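*Asks:* Provided below are the primary sequence and the corresponding predicted coordinates.
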Amino acid sequence: MNTRPAFLSLLALILFLPGAGCRRSEPQAPSISPPLAAPSPETVLRVHWLGTSRLGIEASAYYFMRLWNLPESAALQKQTLDKLCSAPWRALYGEAQVTNVYRLLLRPLLDDIVRDESYFELRRPTNRPEELVFAVRFDEARGGLWETNLANVMNSLTGVWPVTSGRHGWTLQRAQQPNLIEMVRAGDWVVVGVAQDQNPLLRQIVERVQRDPDPFGARATTGPWLEADLDLGRVALVPAGAFIPSGNLPGISLTLTGDGGNVLTHAELNFPQPLPIDFEPWAIPTNRIREPLVGLTAIRGVQPALASWKAWNDLQIGAPPNQLWFWAPDGIPQQIFLGVPLPNAGDRVRSLSETLVQKGNPWLSLHALGTFEGSPDSNGAIWLGLPLISPFVRSVDEGRLVLGGLIPSVAPGTNTPAALYQRPSLAELLQDLSKGTNLVAYDWELTSPRIESCFYIGQALRAAFRGSQLPLELAGMDWLNAIRYRLGNCRTTVTRTGPNQLTIERKSNIGLTGAELNLVADWLESPQFPWGLYSSLTPQPH
């Protein structure tokens, strides 16, 4: 049996967190108990999940669980687990296996993984095949269900019946790699392992849960809800992209906890090599940003990454910028602005416009809708012929700033739903941004209006590239509508905390931004879930 179905299925469960909502108060964050011990150098991925049954009694997760328990959240969770329970058969034997009766044996086990404390680890030892272990904690009666149901599931997937080993547990050995699958019941834990020939990791975890009544620190009153470590450099499924050299993929440590009304996210990215970031002073496009806002993003130090990006170099418009600014006005769901401080912005935009008209239009005629045309009132260009939006670019402020957006000219709205939320002024946002000398990126949004905005923009882009629209009657759309007006301020910072380290901090009502929530809904609605998306923005030829 290939470990890929189990690996991706677990990721789907961990990432499906239809969590918390908005509150106007700003309580102090509680102290966080020590995290898990540092992972082994051989660890590719490990995840510790506290379980919703424990979160239901945690004061720090009060609002998180209110949203989790919404009827729309429950409906989407049920749909997601119904899809997930057939994923191993679909991965091995094709989509027709969605009707396989053995998936009904797996389905109640997935409910346990969401509800109860669990631990997953995947190791890739030097000169040895991968070792995978998953452990879940509950009472003895539930352990018996896992022992029998999982044995039948493994027989269906491998064609081999497990053999009883010890008082509670079984072993399955087969000719194909990985050839060893084991299940051990140790106290109130069920531990499952997959490996080739032997699984030292399984033995370590079994000894750990037998020796320690709290093997993963879950009983601490202020402990994290979720802890995860991922070494991207050791994951073959995640190759280096244009923005990160192949030898500098980071290890990521993630912790989620709460303060009662917010989700507190802490992540550290540790790179093998130093990060070449230029912390030039912020060049704020103050002449262009107008209140009221529902989103503001500032990023600096991007020049080295853009310089290695083929798409930028193909434009042949000079050296890339080092800063990017994005802002979203209130009352205009389809609008988002981009500001790029650049010397000689007028010449850059003129060159870009000529490239779009001369080379972009032939490409659009084959792969997308609309045409690029020169802007009549500037040296910029505009993409015409799309529904809802008309993306544009032009130079402003006497050639010091490249300004882009999705709608060329429209007045801000008034008396919008975003007025229901307390939000900082632009001056307060810029003061907050200026506090960190090593700040790489800053993002603030009102998540409620950004959910709507990102949905409209996503629908427009799907149409632009001849993709299918995301139907409104899907369970994922019901979920977004149910949580939408319950979400307020979301603040994210990315700081260089060492030559090789970036630290991400987020204080939000649900743990995700409006754009991320739309992406999660799109993913959960994929017919092939947990693989792919419902929508495909890959350009479709005529």
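*Replies:* Received it, and whenever you're ready, just let me know what you need.
*Asks:* which residues touch stretch 166-182?
*Replies:* 1, 3, 129-130, 143, 147, 151, 154, 158-165, 183-185, 192-199, 202 (Cβ atoms under 8 Å, 6 or more residues apart in numbering). C-beta coordinates here come from the backbone N, C-alpha and C atoms, glycine included.
*Asks:* just checking, which of those belong to helices?
*Replies:* 143, 147, 151, 154, 158, 202 (DSSP state H).
*Asks:* so what are the domain limits for this structure?
*Replies:* Under the assignment automatic domain parsing, the domains of the chain span 4-15+40-270, 293-524.
*Asks:* Which one, of those domains, ends up nearest to residue 277?
*Replies:* domain 293-524 (3.5 Å; Cβ to Cβ).
*Asks:* sec struct for residue 296, please.
*Replies:* Following DSSP: H, G, I helix; E, B strand; the rest coil, we place residue 296 in the strand state.
*Asks:* What about it, how many residues nearby?
*Replies:* 20 (other Cβ atoms under 10 Å).
*Asks:* Was I right to think it contacts residue 444?
*Replies:* Yes. Judged on Cβ atoms under 8 Å, residue 296 makes contact with residue 444 at a distance of 5.2 Å.
*Asks:* what do these two both touch?
*Replies:* The overlap between the contact sets of residue 296 and residue 444 (Cβ under 8 Å, 6+ apart) consists of residue 429.
*Asks:* which two in the ones in helices among the contacts of stretch 166-182 are spaced the farthest apart?
*Replies:* Going by Cβ to Cβ, the pair spanning the ones in helices among the contacts of stretch 166-182 furthest: 143 and 158, at 21.9 Å.
*Asks:* Quickly run through the sheet partners of the longest strand anywhere in the chain, with directions.
*Replies:* The longest strand of the chain (DSSP state E) is strand 489-498. Strand 489-498 has the following strand partners under DSSP bridges: strand 439-446 (antiparallel), strand 501-508 (antiparallel).
*Asks:* Can you name the element that comes right after the first one?
*Replies:* Following the chain from strand 439-446 toward its C-terminal end, the next helix or strand by DSSP states H and E is helix 447-464.
*Asks:* Helix or strand next in line after that following helix, which one?
*Replies:* Heading C-terminal from helix 447-464, the first helix or strand you meet, by DSSP H and E, is helix 475-484.
*Asks:* tell me what that following helix is packed against?
*Replies:* Secondary-structure packing of helix 475-484 (3 or more Cβ pairs under 8 Å, 6 or more residues apart in numbering; DSSP states H and E): helix 71-84, helix 447-464, helix 514-524.
*Asks:* for the first one, packing partners?
*Replies:* For helix 71-84, the contact count by 3+ Cβ pairs under 8 Å, 6+ apart identifies helix 4-15, helix 103-115, helix 475-484, helix 514-524 as packing neighbours.
*Asks:* Return the distance of the helix or strand hosting residue 362 from the chain's centre.
*Replies:* Using DSSP H and E, residue 362 sits within helix 361-367. Distance of helix 361-367 from its chain centroid, counting by Cα atoms, centre = their mean, to the nearest Å, is 31 Å.
*Asks:* re the thing from before, ok, which of the helices and strands packed on helix 475-484 comes nearest residue 117?
*Replies:* Comparing the helices and strands packed on helix 475-484 under Cβ to Cβ, the one sitting nearest is helix 71-84, at 17.7 Å.
*Asks:* List the contacts of residue 502.
*Replies:* Counted by Cβ under 8 Å, 6+ apart, residue 502 has contacts 250, 268-269, 271, 275, 440, 494-496.
*Asks:* Setting aside sequence neighbours, what's the nearest residue to residue 198?
*Replies:* Excluding its sequence neighbours, the residue lying closest to residue 198 (Cβ to Cβ, 6 or more residues apart in numbering) is residue 180, at 6.9 Å.
*Asks:* Name the residues linked to the one you found by a beta bridge.
*Replies:* residue 173, residue 195.
*Asks:* And what about residue 127, helix, strand or coil?
*Replies:* Following three-state DSSP, the label given to residue 127 is coil.
*Asks:* For it, report the pLDDT, please.
*Replies:* Residue 127 is assigned 84 on the pLDDT scale.
*Asks:* Repeat that for residue 22.
*Replies:* Here, the pLDDT recorded for residue 22 equals 36.
*Asks:* And for residue 276?
*Replies:* pLDDT, residue 276: 88.
*Asks:* That one should be in a helix, yeah?
*Replies:* No. Per three-state DSSP, residue 276 lies outside any helix segment and is coil.
*Asks:* pLDDT of stretch 466-475, averaged?
*Replies:* Stretch 466-475 comes out at a mean pLDDT of 90.
*Asks:* I'd like the domains of the chain laid out as JSON lines, including distance to residue 284.
*Replies:* Output for those, formatted as JSON lines (distance: least, Cβ to Cβ, whole Å):
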{"stretch": "domain 4-15+40-270", "distance to residue 284": "24"}
{"stretch": "domain 293-524", "distance to residue 284": "6"}
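*Asks:* just flag whichever of these has the lowest average confidence.
*Replies:* Across these, the lowest-scoring stretch is domain 4-15+40-270, with a mean of 87.
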